[in-house]
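S.K.: Dropping a prediction and its sequence here:
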Amino acid sequence: MFENRPNRDAEVVLVGRSNVGKSTLMRELTGHDVSTGSKPGVTRQPNHFDWAAQDFMFTDLPGFGFMSGVEDERREQIQTEIVRYLEEYADRILAGVLVLDGKSAVEIIDRHADRGEVPHDVEMFHFLREVGIEPIVAVNKMDKVDDADERLNEICDRLGLYPPWQQWREETVAPIRAKRGSIEPLLECLRTRFREEKRDDLLGFVTS
Ligand SMILES: Nc1nc2c(ncn2[C@@H]2O[C@H](COP(=O)(O)OP(=O)(O)OP(=O)(O)O)[C@@H](O)[C@H]2O)c(=O)[nH]1
Ligand SMILES: [Mg+2]
């Protein structure tokens with residue numbers, strides 16, 4: 001199903017539940033017009049924005065979890081494809097940006113955990129690590145959160161990252177407001193990652 005992938009050597013992927021703002025963030029990162037929407041399930045195929053000369057691309061993946069107007073079977077097929085995509089291209093993926101909705105993530109995680117299920121976000125965070133992609137957690141929609149520090153600490157706690165969240169900034173945790181164009185903390189995490197991976201040649205893609 002995800003067969004339109006350009007053959008690029010280095011990639012940053014955006015993953016996360018539907019409607020958390022991945023495509024909005026993609027627009028900010030690339031300056032390209034990407035379809036976004038107020039209902040979950042807008043993106044059904046990966047959006048790739050690639051730069052052949054630098055052999056680099058950003059990829060906005062479809063969301064997981066509830067998708068409005070999408071049948072269960074199709075939704076499960078999309079989840080399977082996301083997992084397969086990440087496994088297959090893990091070697092080339094410099095960063096897996098797990099995008100969360102800062103307003104609702106903790107509530108959704110706790111609801112699933114209370115039912116004895118592994119919450120999608122927690123599962124994806126650990127899955128990325130398992131396949132060798134170190135995740136960066138972009139906590140989006142921070143404009144809708146009143147106590148930012150408290151919320152970010154809760155998110156760290158749920159993902160197994162020791163609070164306070166500040167010790168993860170610059171590397172792993174980035175509070176952002178993609179819709180307002182405020183994504184500098186994420187760019188900083190990406191710059192850190194690119195330097196670690198000795199890909200200073202790509203820093204121009206993540207400089208504001
Ligand atoms: N308040 C607020 N809303 C945002 C922010 N970023 C995105 N949104 C809104 O969130 C909704 C979903 O955005 P999308 O970018 O389409 O989300 P997505 O994760 O790509 O969703 P799918 O493609 O369905 O998986 C839209 O109504 C956006 O305008 C933000 O920083 N703050
Ligand atoms: Mg989308």
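M.R.: Received the coordinates, thanks. Numbers count the residues shown, from 1 in each chain. Ligands and ions are numbered 1, 2, ... in the order given.
S.K.: how far is the strand or helix carrying L25 from where the chain is centred?
M.R.: Take DSSP states H and E as the rule and L25 turns out to sit in helix 22-30. Chain-centre distance of helix 22-30: 11 Å, with CA atoms, centre = their mean, to the nearest Å.
S.K.: and what of stretch 34-48?
M.R.: Once both centres are worked out by CA atoms, centre = their mean, stretch 34-48 turns out to sit 13 Å from its chain's centre.
S.K.: follow-up on the earlier one: other residues contacting the helix holding L25?
M.R.: 12, 14-16, 32-36, 42-43, 47, 49, 58, 60-61, 63, 97, 99, 138, 140, 176, 178-179, 181, 183, 186, 205-206 (CB atoms under 8 Å, 6 or more residues apart in numbering). Glycine gets a C-beta too; all of them are placed from N, C-alpha and C.
S.K.: Generate a ChimeraX selection restricted to the buried entries among these.
M.R.: Those of these that count as buried under 16 or more other CB atoms under 10 Å are selected in ChimeraX with:
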select :12,14,15,16,34,36,42,43,47,49,58,60,61,63,97,99,138,140,176,178,183,186,205,206
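S.K.: Which of the contacts of helix 22-30 fall in strands?
M.R.: Among the contacts of helix 22-30, the ones falling in strands (DSSP state E) are 12, 14-16, 47, 49, 58, 60, 97, 99, 138, 140.
S.K.: Please give me every residue in contact with the residue nearest the centre of the chain.
M.R.: For the chain, the residue sitting closest to the mean C-alpha position, by CA atoms, centre = their mean, is L98 at 2.8 Å. By CB under 8 Å, 6+ apart, the residues touching L98 are 15-16, 121, 124-125, 128, 135-138.
S.K.: and which of the residues you listed is nearest ligand 1?
M.R.: Ranked by distance to ligand 1 (CB to the nearest ligand atom), the contacts of L98 are led by G16 at 6.0 Å.
S.K.: mind listing what that closest one touches?
M.R.: Counted by CB under 8 Å, 6+ apart, G16 has contacts 22, 63-64, 98-100, 121, 124.
S.K.: at 10 Å instead, please
M.R.: G16 is in contact with 22, 25, 60-61, 63-65, 97-101, 105, 120-121, 124, 137-138, 140, counting by CB atoms under 10 Å, 6 or more residues apart in numbering.
S.K.: What pLDDT is listed against it?
M.R.: Here, the pLDDT recorded for G16 equals 95.
S.K.: Could you do M1 as well?
M.R.: At M1, the model reports a pLDDT of 56.
S.K.: Next: the one 5 residues further on.
M.R.: Among the per-residue scores, P6 holds a pLDDT of 89.
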